[in-house]
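Student: one predicted model, sequence on top.
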Amino acid sequence: AQSVTQPDIHITVSEGASLELRCNYSYGATPYLFWYVQSPGQGLQLLLKYFSGDTLVQGIKGFEAEFKRSQSSFNLRKPSVHWSDAAEYFCAITYTNAGKSTFGDGTTLTVKP
Amino acid sequence: DGGITQSPKYLFRKEGQNVTLSCEQNLNHDAMYWYRQDPGQGLRLIYYSQIVNDFQKGDIAEGYSVSREKKESFPLTVTSAQKNPTAFYLCASSNPGVVQHNEQFFGPGTRLTVL
């Protein structure tokens, strides 16, 4: 069965510092890959997605992610974090056109002033 | 504006009562999903529906039921058989037939508390 692992439960960075959130998946084929962000008590919002082509994808709010097939990874990055980026981040994969996704357990980001 | 609405935002239920959570979308999406979210456990799929009048169990369907009589509506009933229903419930929709738009769109969630 497919699975998604986000190794870091909680990350703290200083405002203005760079950020990398890790995501690994397990499956034989290349999945469709997504990163979502969730503010407390809210629904999830899509940050970016990869389904084919260029392995470096740009998203909203200055985020980017790189798909590395050899490492089965899809890590999320941001060069300079803002206080408003504090939230929970979820990596997700979808394998078929059925649309059913598997989500990681999430990484909570805290931003220090 | 297109989107997904969930109601109510907060819901309180006494033990032994059934309760229904509403989810409506005006995105013309074919597929709809219900997730349960508990602290530290991410999102777990309860039920999903790819087309009207059809739905499938997800990973944690026991104690829940759904219907999909209309494309835009996918209500979730939490029955008294659900042993630990206190959680945050999220509804989502997608158009899985269009690869480039395969992401899920989420509603704002309903927080259910059993008293």
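Tutor: Sure, I can see it. Numbers count the residues shown, from 1 in each chain, chains lettered A, B, ... in the order given.

Student: please make it C-alpha for all contacts and neighbour counts, starting now.
Tutor: Fine.

Student: isn't residue A:57 up against residue A:66?
Tutor: Yes: proximity of residue A:57 to residue A:66 meets the contact threshold set by C-alpha atoms under 8 Å, at 6.3 Å.

Student: near chain B, which residues of chain A show up?
Tutor: Residues of chain A lying close to chain B by C-alpha under 8 Å from any C-alpha of the partner chain are A:34, A:41-46, A:49, A:51, A:90, A:97-100, A:103-106.

Student: show the buried residues in the residues you listed.
Tutor: A:34, A:42-46, A:49, A:51, A:90, A:99-100, A:103-106 (16 or more other C-alpha atoms under 10 Å in any protein chain shown).

Student: of those residues, which belong to strands?
Tutor: Under the assignment DSSP state E, these contribute A:34, A:44-46, A:49, A:90, A:103 to strands.

Student: quick check, nearest of these to residue B:75?
Tutor: Ranked by distance to residue B:75 (C-alpha to C-alpha), these are led by residue A:44 at 19.0 Å.

Student: now stretch B:87-95: buried residues?
Tutor: B:88-95.

Student: filter those down to the ones near chain A?
Tutor: B:90, B:94-95.

Student: which residue in those residues has the weakest pLDDT?
Tutor: Lowest pLDDT within those is found at residue B:95 (83).

Student: ok, the residue nearest to that one when sequence neighbours are not counted - how many residues close by?
Tutor: Nearest in space to residue B:95, with sequence neighbours left out and distances taken as C-alpha to C-alpha, 6 or more residues apart in numbering or on different chains, is residue B:29 at 5.1 Å. With neighbours defined by other C-alpha atoms under 10 Å in any protein chain shown, the count for residue B:29 comes to 19.

Student: mind checking pLDDT for residue B:29?
Tutor: 91.

Student: neighbouring strands of the helix or strand of chain A with the lowest mean pLDDT in the sheet, and parallel or not?
Tutor: Ranking every helix and strand in chain A by mean pLDDT, DSSP states H and E puts strand A:101-103 at the bottom, with a mean of 89. As defined by DSSP bridges, the strand partners of strand A:101-103 come to strand A:87-94 (antiparallel).

Student: thanks a lot, see you next time.
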